[in-house]
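Enquirer: Give the three-dimensional model of this entry:
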Amino acid sequence: MKLSEMKQILVEGDIQLTKSLGQNFLHDLNQLRRIIAAAELGKADKVLEVGPGLGPLTELLIDHAGEVLAIEKDMRLVQVLRERFPALHLIHGDALEYLSGEERDWSDWKLVANLPYSVASRILVELSQGSRGPLRMVATLQIEVAKRLTAKPGDEQYGLLTLLIQADYQPRGWFKIPASCFFPEPDVDSACVSLLRRTPPLLALELRETFSKVVKRSFSQRRKMMIKLLKKDWPIQQLEEIFGNLQLSPQARAETVSVEQFVGLTRYLATGS
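Expert: Numbers count the residues shown, from 1 in each chain. Predicted coordinates for the structure are as follows:
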């Protein structure tokens, strides 16, 4: 979809874009093709798209995948999408509410989407922490969020979001998308990040709640030693023993601890082994 076509649809439909809904539509065909390539789509694939907007990415998804399910919040855009893609499985609703409602099995799906920036992180966490998350998640979002998703221990961006996602997904790369590729241009640069579900999973389903508790407590004050934060929830003697078993320094701060070490710490705290 060319930028001129996008503007024409908006004018003819008398549609004024809403900033609060994150309506910055990617129109650059080269960038759209890069997103499709990152998703590694085939006709056997089922794709979930959140926030299709006017459908520039949707059009390519329909061409490359076997099934596409799109969720759009803006009824004005839903009407445009229904006219453009009569066979598209389209849901009018709030994607975050839909995904956090009834539990669904996404284990043989891929998420491929230009996510609304205001809810991008929450959507990825919601999908990743379910027991049956997508095979792959390829998402366009703010570049700062992409850096957090792909960060490594010791990186400035390494934090709570990093751990909550990387416990279940491995980053497979990202690329920058300039603001000029969108209409209207957002105030920030964007990036597309590719995340591949871990197989087998690092974390057993029954340990997820404890893992989340450990990570959130550990990052509650980034500059403090982890063990001093964690002793609010667990006995210091137990923590000192576990840190020794994991060869973690008692002075360690959360930003230096790997996802594998956090998983090991969770196992010890939850099961004693």
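
Enquirer: what about the helices in the stretch 1-150 of the chain?
Expert: Ranges of helices within the stretch 1-150 of the chain are 3-12, 29-39, 56-64, 75-84, 95-100, 120-128, 143-149, based on DSSP state H, counting those that start in this stretch.

Enquirer: residues in contact with the residue lying closest to Asp168 once chain neighbours are set aside?
Expert: In this structure, Asp168 finds its nearest non-sequential neighbour in Ser128, 4.7 Å apart by C-beta to C-beta, 6 or more residues apart in numbering. Quick note: C-beta positions are derived from backbone N, CA and C, even for glycine. Applying C-beta atoms under 8 Å, 6 or more residues apart in numbering, we find Ser128 in contact with Met137, Leu164, Ile165, Ala167, Asp168, Tyr169, Leu195.

Enquirer: quick one: which of these sit in strands?
Expert: Residues of the contacts of Ser128 located in strands (DSSP state E): Met137, Tyr169, Leu195.

Enquirer: Scan those residues and report the most crowded one.
Expert: Met137 (29 neighbours; other C-beta atoms under 10 Å).

Enquirer: quick one, what contacts Lys232?
Expert: Arg217.

Enquirer: you'd agree it is in a helix?
Expert: No - counting by DSSP: H, G, I helix; E, B strand; the rest coil, one finds Lys232 to be coil, located in no helix.

Enquirer: what's it sitting at in phi/psi?
Expert: phi -70, psi -20 (degrees, to the nearest 10).

Enquirer: roughly how far apart are the residue of the chain most remote from its centre and Ile227?
Expert: Farthest-out residue of the chain from its mean C-alpha position, per C-alpha atoms, centre = their mean: Gln237, at 36.8 Å. Remark: distance between Gln237 and Ile227 (C-beta to C-beta, to the nearest Å) = 11 Å.

Enquirer: hang on, the earlier thing: turn the ones in strands among the contacts of Ser128 into CSV, including pLDDT and distance to Val47.
Expert: Formatted as CSV, these follow (pLDDT from 0 to 100; distance: C-beta to C-beta, whole Å):
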residue, pLDDT, distance to Val47
Met137, 98, 11
Tyr169, 97, 17
Leu195, 98, 15
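
Enquirer: Closest one to Thr271 out of the residues you listed, please.
Expert: The shortest gap between Thr271 and any of these belongs to Tyr169, at 23.6 Å (C-beta to C-beta).

Enquirer: Could you list everything the closest residue to that closest one other than its chain neighbours pairs with in the sheet?
Expert: Of all residues beyond its chain neighbours, the one nearest Tyr169 is Leu195 (3.9 Å), with distances taken as C-beta to C-beta, 6+ apart. Leu195 has the following beta-bridge partners by DSSP bridges: Met137, Pro171.

Enquirer: so who does Leu195 touch?
Expert: Contact partners of Leu195, counting by C-beta under 8 Å, 6+ apart, are Leu124, Ser128, Arg136, Met137, Val138, Ala139, Leu149, Ile165, Tyr169, Gln170, Pro171, Arg172.

Enquirer: From Trp109, how far off is the fourth one?
Expert: Applying C-beta to C-beta, the value for Met137 to Trp109 is 10 Å.

Enquirer: same deal with the last one?
Expert: Look at Arg172 and Trp109: by C-beta to C-beta, they are 17 Å apart.

Enquirer: between the two, who's got more neighbours?
Expert: Trp109 (22 against 15).

Enquirer: Export the contacts of Leu195 to JSON lines and append columns for distance to Lys19.
Expert: Shown next, in JSON lines, are the contacts of Leu195 (distance: C-beta to C-beta, whole Å):
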{"residue": "Leu124", "distance to Lys19": "22"}
{"residue": "Ser128", "distance to Lys19": "27"}
{"residue": "Arg136", "distance to Lys19": "30"}
{"residue": "Met137", "distance to Lys19": "25"}
{"residue": "Val138", "distance to Lys19": "25"}
{"residue": "Ala139", "distance to Lys19": "20"}
{"residue": "Leu149", "distance to Lys19": "24"}
{"residue": "Ile165", "distance to Lys19": "26"}
{"residue": "Tyr169", "distance to Lys19": "30"}
{"residue": "Gln170", "distance to Lys19": "34"}
{"residue": "Pro171", "distance to Lys19": "29"}
{"residue": "Arg172", "distance to Lys19": "31"}
